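Undergrad: Here's a sequence, model it:
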Amino acid sequence: MTMQEFFIQNSTAAVAFSGGVDSAWLLHEARTWARRTAAYFVRTPFQPDFELEDARDIARRLDVPLTVLAFDVLSVPQAAANPPDRCYHCKRALFTRLMEAAGADGFPLVLDGCNASDDASDRPGMAALAELGVRSPLRECGLTKGDIRAAARKAGLPVWNKPSYACLATRIPTGTAITRDLLARVARGEAALMARGFSDFRLRLRGDGALLQVREEQMDMAREALPALGELLREDFASITLDSAPRYARET
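TA: The predicted structure follows:
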């Protein structure tokens, strides 16, 4: 099945939009082939501000209406407690909220950006989407991450090479209750790293400190920056340690 064929069969559909390359390409295709579409961004404490900024920019470029829905995911006990299946409870609550809003706007179907490279066995959130009836056209049409990046680049979407970004909750060890304070500390730390040119990294909480994970090509850069970062972020982290093993793109 092609994306065109999918939207011929499903001509009125809303897109769950994160501002990343997968949902951006999905929105591009929905705008191209669907009879009617719109984008919905669910804003939670699990996301940094730049995600919403990217979503607004892409929706504006594609001339697709964007609805921003505020949702306090920490009010969901099973998500805030941070069990191993946290993502299942989070996705189910978020998409329930999104589907209610989209349904009220006349959209009988909600789409998400999962693609053919995503491993369903390692993503409990995908089970929640299946239970709710959310469709994943990129996955159904066999489009891999590489396919999507190439197509987005050809179409001139500025997020074509944007690194995958797992939510801030993934920086907190499983079993540690998630609080606004912990999320804010991680967000400030990662914003400081981005401002210094780091990309595709993770800053993970470890007790009252943090573990910095970067790609192989930025290891030397991280070693040099670590003392200054530790001083800059000392109010949030007692110490920042650099993981000796490089981070790989498929990690959360």
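
Undergrad: okay, CA-based contacts and neighbour counts for the rest of this
TA: OK.

Undergrad: Give the residue spans of the stretch 151-252 of the chain that score low on pLDDT.
TA: 249-252 (pLDDT under 70).

Undergrad: So which residues of it form helices?
TA: Assigned by DSSP state H, counting those that start in this stretch, the stretch 151-252 of the chain shows helices spanning 180-195, 219-232.

Undergrad: Report the separation between D200 and F17.
TA: According to C-alpha to C-alpha, to the nearest Å, D200 stands 20 Å off from F17.

Undergrad: tell me the phi and psi of F201?
TA: phi -120, psi 170 (degrees, to the nearest 10).

Undergrad: need the longest helix for this structure.
TA: Longest helix in the chain, counting residues (DSSP state H): helix 86-104.

Undergrad: Show me what that one is in contact with.
TA: 14, 16, 40, 42, 69, 71, 73, 76, 78-80, 108-110, 123-129, 132 (C-alpha atoms under 8 Å, 6 or more residues apart in numbering).

Undergrad: out of D200 and F17, which sits in the more crowded spot?
TA: F17 (29 against 16; other C-alpha atoms under 10 Å).

Undergrad: Can you name the residues that contact the more buried one?
TA: By C-alpha under 8 Å, 6+ apart, the neighbours of F17 are S23, A24, L27, A39, Y40, F41, A55, D112, G113.

Undergrad: Specify the beta-bridge partners of the fourth one.
TA: Just to be clear, that refers to A39. V15, L66 (DSSP bridges).

Undergrad: Quick check: it touching A13?
TA: No: using C-alpha atoms under 8 Å, A39 is not in contact with A13; the gap is 9.3 Å.

Undergrad: Mind checking which of these two has more residues around it?
TA: A39 (26 against 23).

Undergrad: Pull the contacting residues for the more buried one.
TA: If you count contacts by C-alpha under 8 Å, 6+ apart, A39 has them with A14, V15, A16, F17, L27, A59, V64, P65, L66, T67.

Undergrad: Excluding residues flanking it in the chain, which one is nearest the last one?
TA: Nearest non-adjacent residue to T67, counting by C-alpha to C-alpha, 6 or more residues apart in numbering: Y40, 4.8 Å away.

Undergrad: Could you pull up the residues touching the one you found?
TA: Applying C-alpha under 8 Å, 6+ apart to Y40 gives the contacts A14, V15, A16, F17, L66, T67, V68, L69, L98, A102.

Undergrad: Which among those residues count as buried?
TA: Neighbour counting by 16 or more other C-alpha atoms under 10 Å classes A14, V15, A16, F17, L66, T67, L98, A102 among those as buried.
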